[in-house]
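K.L.:
sequence? don't have it. structure:
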Ligand SMILES: Nc1nc2c(c(=O)[nH]1)N[C@H]1C(S)=C(S)[C@@H](COP(=O)(O)O)O[C@H]1N2
Ligand SMILES: [Mo]
């Protein structure tokens, strides 16, 4: 039997409040080493909170190993995660439901377990390529990965709780509370996306229980959508009768202008809309940038491509700064929402400085832009990846 808060009667509010009360949650100092951070060869943007990515040539694997998955934290890593301690942990489902739930790990493991490869990309990936410069972690191209996630369908859990007709959005909460007492990182997704069969409460990453840095003991996986919707250290899903109105859902946070704006011009907040799906994008993972190659010698080129809610239709490459484009061999993803792989061989017949350009096209008529359209927070950057090389 699943534990429902109702069984505790009047206790349910107390459980709920107790879990969310700052004083009762061990916030813990960030113990990076214990959390396995930084990962080898990581480009560390900040330590407190920890943010780090891997260079593209280390993202060549079809399934991103945990050791090569970027980490993006808005505050510290909870002590529970560092200590791998399930004691007292419950996932609360409350709000617009018929039956509030307080699920233990055991409870969650009783639901059918699903495994999927899913692209997880930070909305800010590529931010450092925006001109003029925007504030925020200056991600290059490596704040993306496609690991294998295992867990339960959020839909199954929400069906157990029974959604009221008033349910329209989730408000997701985690145990990583900011030390300064400011509002915790919390985002939400529309009920339709929450009820999609692909949306998971993940309990494992690449077959192992969730690493501390990636959300132990549970996190959301919201395939095709920006990483910030994938709440880590999950302990509450508040079902709401309105669009979740936390700080990270409001104003300019994870929002993009509804129509293109002049670079550097911040539109009025009413013109901003919530960022959801990732955009069509490709990454060149082989060769490493800035290498030297011999003239007339084939170079193996490889990479991945993804398109959020859409499908990749094609990837083309150019070796002459975008004049001519060549087909590549495109491999289908292992499941919906995993990334595609592509490869080709390129031979340069002249000496000098060149760039390998890759451009992905989706099934909705979108393609990667030649120059990055600007937005105030540097979200959803998907400009063509150009990889510099020298031919000698
Ligand atoms: N609780 C919590 N969940 C979170 C975050 C966070 O700071 N706190 N960061 C989000 C953001 S912005 C991203 S891009 C992804 C990063 O997931 P990863 O660190 O596993 O790569 O987690 C999301 N979930
Ligand atoms: Mo993110």
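P.N.:
Arrived safely. A quick note: this is a predicted structure, and the numbers were derived from the prediction, not measured. Ligands and ions are numbered 1, 2, ... in the order given.
K.L.:
Contact residues of the protein facing ligand 2?
P.N.:
Proximity of the chain to ligand 2, by Cβ under 5 Å from the ion, involves residues 72, 122, 227-228. The C-beta positions use only the backbone N, C-alpha and C, and glycine is treated the same way.
K.L.:
Going through those, which ones are buried?
P.N.:
For the residues of the chain next to ligand 2, a neighbour count by 16 or more other Cβ atoms under 10 Å gives the buried set as 72, 122, 227-228.
K.L.:
Format the residues you listed as TSV; extra columns: pLDDT and secondary structure.
P.N.:
Formatted as TSV, those follow (pLDDT from 0 to 100; DSSP: H, G, I helix; E, B strand; the rest coil):
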residue	pLDDT	secondary structure
72	98	strand
122	99	coil
227	99	helix
228	98	helix
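K.L.:
Please report how far residue 222 lies from residue 334.
P.N.:
19 Å (Cβ to Cβ, to the nearest Å).
K.L.:
ah, wrong one, I meant residue 191
P.N.:
Distance, residue 191 to residue 334, by Cβ to Cβ: 28 Å.
K.L.:
in this protein, which spans are helices?
P.N.:
Taking DSSP state H as the criterion, the chain contains helices spanning 11-20, 79-83, 105-109, 154-161, 191-194.
K.L.:
Of these, which shows the lowest average pLDDT?
P.N.:
Sorting the helices of the chain by mean pLDDT places helix 11-20 lowest, at a mean of 38.
K.L.:
pretty sure residue 377 is in contact with residue 133, am I right?
P.N.:
No - using Cβ atoms under 8 Å, residue 377 makes no contact with residue 133, being 11.7 Å away.
K.L.:
who's more crowded, these two?
P.N.:
residue 377 (20 against 12; other Cβ atoms under 10 Å).
K.L.:
give me phi/psi at the closest residue to ligand 1 within the stretch 251-392 of the chain?
P.N.:
Residue of the stretch 251-392 of the chain nearest ligand 1, by Cβ to the nearest ligand atom: residue 254 (8.0 Å). Torsion angles at residue 254 (phi, psi; degrees, to the nearest 10) stand at phi 50, psi 40.
K.L.:
How about residue 155: what's its closest non-neighbour residue?
P.N.:
residue 195 (4.8 Å; Cβ to Cβ, 6 or more residues apart in numbering).
K.L.:
so what's the one you found up against?
P.N.:
Neighbour list for residue 195: 154-155, 158 [criterion: Cβ atoms under 8 Å, 6 or more residues apart in numbering].
K.L.:
Out of those residues, grab the one that's most surrounded.
P.N.:
residue 154 (26 neighbours).
K.L.:
Please determine how far residue 158 is located from residue 199.
P.N.:
Taken as Cβ to Cβ, the span from residue 158 to residue 199 is 10 Å.
K.L.:
likewise residue 327?
P.N.:
Per Cβ to Cβ, residue 327 is found 34 Å from residue 199.
K.L.:
Between these two, point out the one with more neighbours.
P.N.:
Higher neighbour count among residue 327 and residue 199: residue 199, with 25 against 11, using other Cβ under 10 Å.
K.L.:
do you know how far the more buried one is from ligand 1?
P.N.:
The gap separating residue 199 from ligand 1 is 14 Å, by Cβ to the nearest ligand atom, to the nearest Å.
K.L.:
Ok, residue 135 next?
P.N.:
Counting by Cβ to the nearest ligand atom - residue 135 and ligand 1 are separated by 15 Å.
K.L.:
Now that residue: closest residue in space, sequence neighbours ignored.
P.N.:
Using Cβ to Cβ, 6+ apart, the closest residue to residue 135 is residue 377 (7.5 Å).
K.L.:
So the one you found versus residue 122, what's the distance?
P.N.:
Distance, residue 377 to residue 122, by Cβ to Cβ: 12 Å.
K.L.:
Reformat the contacts of residue 195 as JSON lines; add distance to residue 168.
P.N.:
Formatted as JSON lines, these follow (distance: Cβ to Cβ, whole Å):
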{"residue": "154", "distance to residue 168": "15"}
{"residue": "155", "distance to residue 168": "15"}
{"residue": "158", "distance to residue 168": "13"}
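K.L.:
of those, closest to ligand 2?
P.N.:
Lowest distance from ligand 2 to the contacts of residue 195 (Cβ to the ion) belongs to residue 154, with 19.3 Å.
K.L.:
List the contacts of the spatially closest residue to residue 60 that is not a sequence neighbour.
P.N.:
Leaving aside its chain neighbours, residue 60 sits nearest to residue 285 (4.0 Å; criterion: Cβ to Cβ, 6+ apart). By Cβ under 8 Å, 6+ apart, the contact set of residue 285 is 56-60, 302-304.
K.L.:
So which of those is the closest to ligand 2?
P.N.:
The nearest member of the contacts of residue 285 to ligand 2, counting by Cβ to the ion, is residue 59 at 16.5 Å.
K.L.:
Report the separation between the nearest residue to the closest one once chain neighbours are set aside and residue 132.
P.N.:
Nearest residue to residue 59, sequence neighbours excluded (Cβ to Cβ, 6+ apart): residue 285, at 5.1 Å. As for residue 285, its distance to residue 132 is 29 Å (criterion: Cβ to Cβ).
K.L.:
In the stretch 251-392 of the chain, which residue sits closest to ligand 2?
P.N.:
residue 254 (8.0 Å).
K.L.:
Thank you, goodbye.
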